[in-house]
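J.: Quick check, what structure comes out for this input:
(one chain, ligands or ions: 1)
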Amino acid sequence: MKLDRREFLGLAGLAPASLAIGGLPIVARAADAGPGKPKIGIVGSGNVGSALGSVWVKAGHEVMFSSRNLEHDRALAAQLGPNARAGTPREAAAFGGVVMISVPYRSLPDVGKELGDLIKGKVVIDTCNPFPGRDGEIATWAREKGVGMASAELLPGARIVRAFNAIGAARMGAVHEQPGRIGMPIAGDDAEAIAVASRLVREVGFEPVLVGGLAKGKYLMPGTPLAGERSPEELRRIAAALD
Ligand SMILES: NC(=O)c1ccc[n+]([C@@H]2O[C@H](COP(=O)([O-])OP(=O)(O)OC[C@H]3O[C@@H](n4cnc5c(N)ncnc54)[C@H](OP(=O)(O)O)[C@@H]3O)[C@@H](O)[C@H]2O)c1
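T.: Residues are numbered from 1 along each chain as shown. The predicted model follows:
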């Protein structure tokens, strides 16, 4: 379901459960899990993946962590209790009603190829940022194209929402203690995916601020006007002035 600009602005403030398509609550349809508690598959269990996954486990989600280091992920899951488990990236992508991809941008082409059949049609949260110094030519390409559109090309068919891109991982596990004070810019083209991702963003303690479609994903990066810790109101003001 594509959105026009007016719909974006309306959706930004709506609770997911209040949206319905075809008579079914969006969260249940989109995440293919119980209302509000979709299973989450995490691809990339480093700073960001482990911080966010830990919060979601504590919030009652079943979470599968994955990377190319299964032993690391088993140890992480063991610390978090029975709602956490470890698997390969393909197992995590199959497990999650929602999949979060949180790898260095240079790994995104491989991840897209490896998981392509599994993530098609799924809600995918994309935290990945391209840095030419770290990620090489793919990062230069992604920045020129606009990172939201670049991720869409690398993860074809996934219902991508960019989120958690421009706040340090060290803060991601802490803000749920004072929920709603800090805004989290998000961008996506799919209304159901935005609703699902918004709920997950709130569970981490941030207030989601929908900036626009994936074309606006280029602003969800360190070094852009939306980066850093800002109130939801300030983010909305800044977002409204972007082209
Ligand atoms: N750190 C931050 O504060 C922050 C904040 C916002 C956004 N981001 C962005 O979010 C992404 C992740 O950042 P991070 O700091 O969490 O990175 P990180 O600590 O280096 O973790 C990256 C994870 O991805 C895994 N990985 C790499 N290549 C993979 C592949 N081909 N298949 C499966 N797993 C793979 C790594 O494990 P293996 O190498 O063992 O597979 C590791 O678990 C980056 O794009 C970053 O720019 C970071």
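
J.: and whichever residue of the chain sits closest to the ligand, how many neighbours does it have?
T.: Proximity of the chain to the ligand (CB to the nearest ligand atom) peaks at residue 46, 1.8 Å away. In this view, the C-beta of every residue, glycine as well, is placed from N, C-alpha and C. The tally of other residues near residue 46 (other CB atoms under 10 Å) stands at 14.

J.: which residues sit in contact with it?
T.: Residue 46 makes contact with 67, 102, 103, according to CB atoms under 8 Å, 6 or more residues apart in numbering.

J.: Next: residue 112.
T.: Neighbours of residue 112 in contact, by CB under 8 Å, 6+ apart: 154, 155, 156.

J.: just to revisit the earlier point, could you pick out which of the contacts of residue 46 are near the ligand?
T.: 67, 102, 103 (CB under 6 Å from any ligand atom).

J.: Quick one: mean pLDDT over the longest helix along the chain.
T.: Assignment by DSSP state H gives helix 191-204 as the longest helix of the chain. What helix 191-204 shows for mean pLDDT is 97.

J.: Report the distance from it to the chain centre.
T.: Relative to the centre of its chain, helix 191-204 is centred 8 Å away, using CA atoms, centre = their mean, to the nearest Å.

J.: Check stretch 160-171 too.
T.: A distance of 7 Å separates the centroid of the chain from that of stretch 160-171, by CA atoms, centre = their mean.

J.: same thing with stretch 56-67?
T.: Using CA atoms, centre = their mean, the distance from the centre of stretch 56-67 to the centre of the chain it belongs to is 14 Å.

J.: So which residues make contact with it?
T.: If you take CB under 8 Å, 6+ apart as the criterion, stretch 56-67 is touched by 37-46, 49-50, 53, 73, 76-77, 80-81, 83-89, 91-93, 95-96, 176, 200, 203-204.

J.: what about the helices in the chain?
T.: With DSSP H applied, the chain shows helices at 5-11, 26-31, 47-58, 70-80, 89-95, 108-119, 132-135, 137-145, 147-154, 169-172, 191-204, 232-240, listed in chain order.

J.: Could you show which parts of this protein are in contact with the ligand?
T.: Residues of the chain lying near the ligand (CB under 6 Å from any ligand atom): 43-49, 67-69, 89, 102-105, 107, 110-111, 127-129, 164-165, 168-169.

J.: Straight-line length of stretch 170-181, end to end?
T.: The first residue of stretch 170-181 is 17 Å away from its last residue (CA to CA, to the nearest Å).

J.: Cheers, nothing more for now.
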